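S.K.: starting from these lines, generate the structure:
(2 chains)
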Amino acid sequence: MRRAKPLLAAAVLVLILAAGPAAGPARAQEDISALDGTWDFFAYGYYEVFTTFCHGTIRLEKGSIVAGHGSYHTAPATFRGHLALDQSGLITGRVAGRWGESETFNYSLVSGRANPPRETIVASGLDHNGWGCIYYLIRID
Amino acid sequence: MRSRLRFTPLLLAVLLLWPGAASGQEGFDQADLNGDWAVFLYGAYETRTEHMYGLLSLDEEGQVVGGSNTYRGIENQFMRGRLSLSQDGQVTGDLLLEAWRVEIKFIKGRMNRSRTEVTGLVEGQWYPGLIRMIKAPGAAGEPGS
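M.R.: Predicted coordinates:
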């Protein structure tokens, strides 16, 4: 009986700790810092006869894109912008940037969601021309 | 004995919570591509659209070893191809379809950290398209299988 007590306490503690990560997302859902890190960004859209596509790697810190580079269509591009995460888990914001001499682009994320481990974000929205787009963000680190 | 038991919860907690220790998610391996993948592709160019869905089998080297697809409504086979996965999760390579001998070539691809999805932009028949690959449940090479 004496031995059983510490074992029981150990089992209870381990169960609490193991349940922690599952309970964590609900608490952290409103915290934009949960999306901090490096992500690969993919955008694809089409309207009438026009196609837009973009890919790159961005670094998010507290919702701001603090660094990013990739390609807008086939031109090298740099990224800026921001994302917001509300209490329901809705992700909105914009991934914008520059390419060429002084050209700009702007992809708005109207409605997005992350999967529970927050390693993939899927979103829908519009580019600066109003063409409908789908977006994927895949977490790198 | 009692003092040993006192540290048991701490040791178990460290093992459970150590980042990536349990899942081995530190670096990607080429063999992570091994298995059956559901593949979805969509692309649009002027008045043309390109769409494909199918099931693709890759071996541990990332070589195409089987699978069929429906490309723009035509049922056909994956003829050959090979995908490569870098240690940081970037996916490159190409897939050759029987239909019109279309070559699907990755411009930029990324595997997710769970090793269950690949997302990318690819060169299709006319123009870049968006590709998604989802590992089939219970497939060879699936994490934890």
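
S.K.: where's the closest residue in space to residue A:31 that isn't next to it in sequence relative to residue B:31, distance?
M.R.: In space, and not counting its chain neighbours, residue A:31 is closest to residue A:85: 7.4 Å by Cβ to Cβ, 6 or more residues apart in numbering or on different chains. Yep, even glycine has a C-beta here, placed from its N, CA and C like the rest. Residue A:85 sits at a distance of 35 Å from residue B:31 (criterion: Cβ to Cβ, to the nearest Å).

S.K.: who has more neighbours out of these two?
M.R.: residue A:85 (24 against 15; other Cβ atoms under 10 Å in any protein chain shown).

S.K.: so the more buried one bridges to which residues?
M.R.: residue A:91 (DSSP bridges).

S.K.: quick check: it touching residue A:36?
M.R.: No: with contact defined as Cβ atoms under 8 Å, residue A:85 does not count as touching residue A:36 (11.0 Å).

S.K.: for residue B:28, phi and psi?
M.R.: phi -80, psi 150 (degrees, to the nearest 10).

S.K.: count the residues that sit near it.
M.R.: 18.

S.K.: for residue A:109, same thing?
M.R.: Count around residue A:109 with other Cβ under 10 Å applied: 25.

S.K.: in chain B, which spans are helices?
M.R.: In chain B, the helices defined using DSSP state H lie at B:2-17.

S.K.: need the contact list for residue 124.
M.R.: With no chain named, the answer covers chain A. Residues in contact with residue A:124 (Cβ atoms under 8 Å, 6 or more residues apart in numbering or on different chains) are A:109-112, A:132-135.

S.K.: wrong one, I was asking about chain B
M.R.: B:41, B:43, B:50, B:102, B:104.

S.K.: give the buried residues for stretch B:123-131.
M.R.: With burial defined by 16 or more other Cβ atoms under 10 Å in any protein chain shown, the residues of stretch B:123-131 counted as buried are B:123-125, B:128-131.

S.K.: and of those, the nearest to chain A?
M.R.: residue B:130 (4.2 Å; Cβ to the nearest Cβ).

S.K.: so what's the nearest residue to the closest one once chain neighbours are set aside bridging to?
M.R.: Excluding the flanking residues, the one nearest residue B:130 by Cβ to Cβ, 6+ apart is residue A:44, at 4.2 Å. Beta bridges link residue A:44 to residue A:53, residue A:134 when assigned by DSSP bridges.

S.K.: ok, residue A:44 - contacts?
M.R.: Residues counted as contacts of residue A:44 (Cβ under 8 Å, 6+ apart) are A:51-53, A:133-135, B:42, B:121, B:128-130.

S.K.: tell me the contacts of the residue nearest the centre of chain B?
M.R.: With distances taken as Cα atoms, centre = their mean, residue B:118 lies nearest the centre of chain B, 4.1 Å away. By Cβ under 8 Å, 6+ apart, residue B:118 lies in contact with B:37, B:83, B:91, B:109-112, B:131-133.
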